[in-house]
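Peer 1: this is the structure alone, sequence omitted:
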């Protein structure tokens with residue numbers, strides 16, 4: 001539940017603020033599939049290179065686990081304590097040898113059968129049965145300190161293996177910003193490859209592939225350098241005795257009457273990229 005609440009807050013804050021600032025969602029919707037392919041595909045490929053397949057599979061399964069919520073609840077911990085208590089009761093009443101059938105074949109054990117959710121977890125069954133198996137072999141003469149050290153090492157190994165999948169997901173998350181920059185650079189390359197195209201074509205590339213390229217979008221709105229300017233018949237400015245020949249377009253920055261004719265130059269916009 002909180003997973004979807006968190007997603008709603010993230011997307012609402014990001015895109016809601018973007019829309020309130022005057023942004024348009026059409027370019028984002030158009031570019032989103034290609035961006036997901038580039039960024040998500042490269043992230044998955046890098047994770048396959050950096051991790052073994054079991055770790056990668058566990059990492060991908062962890063995403064579904066985040067959606068479903070925690071696997072173990074308070075009732076499961078109470079059931080685990082009850083399971084260990086019943087095994088200890090059998091050991092006290094019937095002796096250590098009576099545990100052999102339970103620890104060697106936990107799938108057919110009636111005690112483990114009372115707790116099917118715990119019995120399905122291989123790691124929990126192994127951590128319970130391994131120390132008890134040593135006690136059965138030693139006929140109850142196993143040193144308590146040695147058993148305690150063995151259990152601590154088993155817990156440490158289990159903890160290390162359990163953290164491999166989260167570490168793989170953390171590696172993917174850490175690489176996503178860099179992969180996003182790669183996608184943006186590819187968008188710049190694609191847009192610059194169409195720099196000699198007419199403004200509508202160049203504008204489509206800028207909107208669809210690289211949303212942050214605002215200067216290129218400004219270039220698309222600027223007059224094309226090959227576009228024929230409007231021929232203006234010049235009037236002599238009473239404040240300037242020097243005129244220009246009739247019918248020629250005014251130079252950039254020349255004042256005609258009270259209007260300044262100065263169009264933005266594409267080269268100046270490209271220098272600011």
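Peer 2: Now that the structure is in, tell me what you want to look at. Remember, it's a predicted structure, so these values are computed and weren't measured experimentally.
Peer 1: so how far is residue 50 from the most centrally placed residue in the chain?
Peer 2: The residue lying closest to the centre of the chain (C-alpha atoms, centre = their mean) is residue 173, at 5.1 Å. Noted for residue 173: a distance of 13 Å to residue 50, by C-beta to C-beta, to the nearest Å. Backbone N, C-alpha and C define where each C-beta goes, glycine included.
Peer 1: sorry, back to before: now the residue nearest to the centre of the chain: phi and psi?
Peer 2: The phi and psi torsions at residue 173 (degrees, to the nearest 10) take the values phi -60, psi -40.
Peer 1: next: residue 196.
Peer 2: For residue 196, the backbone dihedrals (degrees, to the nearest 10) come out as phi -90, psi 0.
Peer 1: for residue 105, same thing?
Peer 2: Per-residue torsions, residue 105: phi -130, psi 70 (degrees, to the nearest 10).
Peer 1: contacts only, for it.
Peer 2: Contact analysis of residue 105 by C-beta atoms under 8 Å, 6 or more residues apart in numbering lists nothing.
Peer 1: how near is it to residue 129?
Peer 2: Here residue 105 is placed at a distance of 10 Å from residue 129 (C-beta to C-beta).
Peer 1: now do residue 138
Peer 2: Taking C-beta to C-beta, one finds residue 138 at 15 Å from residue 129.
Peer 1: who's more crowded, these two?
Peer 2: Under the criterion of other C-beta atoms under 10 Å, the comparison of residue 138 against residue 129 puts residue 129 first, with 20 against 13.
Peer 1: got a list of contacts for the helix or strand where the more buried one lies?
Peer 2: Per DSSP states H and E, residue 129 falls inside helix 122-137. Here helix 122-137 makes contact (C-beta under 8 Å, 6+ apart) with 80, 83-84, 87, 91, 96-97, 99-100, 102-104, 106, 112, 118-119, 142, 147, 150-151, 154-155, 158.
Peer 1: let me know how buried residue 150 is, in neighbour terms.
Peer 2: Residue 150: 14 surrounding residues under other C-beta under 10 Å.
Peer 1: doesn't it fall inside a helix?
Peer 2: Yes. Residue 150 sits within a helix when classified using DSSP: H, G, I helix; E, B strand; the rest coil.
Peer 1: quick one: contacts for it?
Peer 2: Per C-beta under 8 Å, 6+ apart, neighbours of residue 150: 130-131, 134.
Peer 1: could you list the low-pLDDT ranges of this structure?
Peer 2: Along the chain, segments meeting pLDDT under 70 span 1, 140, 200-273.
Peer 1: how about the strands in the stretch 51-200 of the chain?
Peer 2: Using DSSP state E, counting those that start in this stretch, no strands are assigned anywhere in the stretch 51-200 of the chain.
Peer 1: so which of the contacts of helix 122-137 are in helices?
Peer 2: Among these, the members falling in helices (DSSP state H) are 80, 83-84, 87, 91, 100, 102-104, 112, 118-119, 147, 150-151, 154-155, 158.
Peer 1: what's the ChimeraX syntax to select whichever of the residues you listed are buried?
Peer 2: This is how ChimeraX selects the buried members of those, with burial counted by 16 or more other C-beta atoms under 10 Å:
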select :80,83,87,91,102,103,112,118,119
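Peer 1: count residues in the vicinity of residue 174, would you?
Peer 2: By other C-beta under 10 Å, the burial measure for residue 174, its neighbour count, is 10.
Peer 1: one more: residue 177?
Peer 2: Residue 177: 10 surrounding residues under other C-beta under 10 Å.
Peer 1: could you do residue 124 as well?
Peer 2: Around residue 124 there are 18 residues (other C-beta under 10 Å).
Peer 1: picking that back up, buried members of the contacts of residue 150 into ChimeraX, please.
Peer 2: Selection of the buried residues among the contacts of residue 150 in ChimeraX, burial being defined by 16+ other C-beta under 10 Å:
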select :131
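Peer 1: what about residue 132, distance to residue 24?
Peer 2: Residue 132 sits 66 Å away from residue 24 when distances are taken as C-beta to C-beta.
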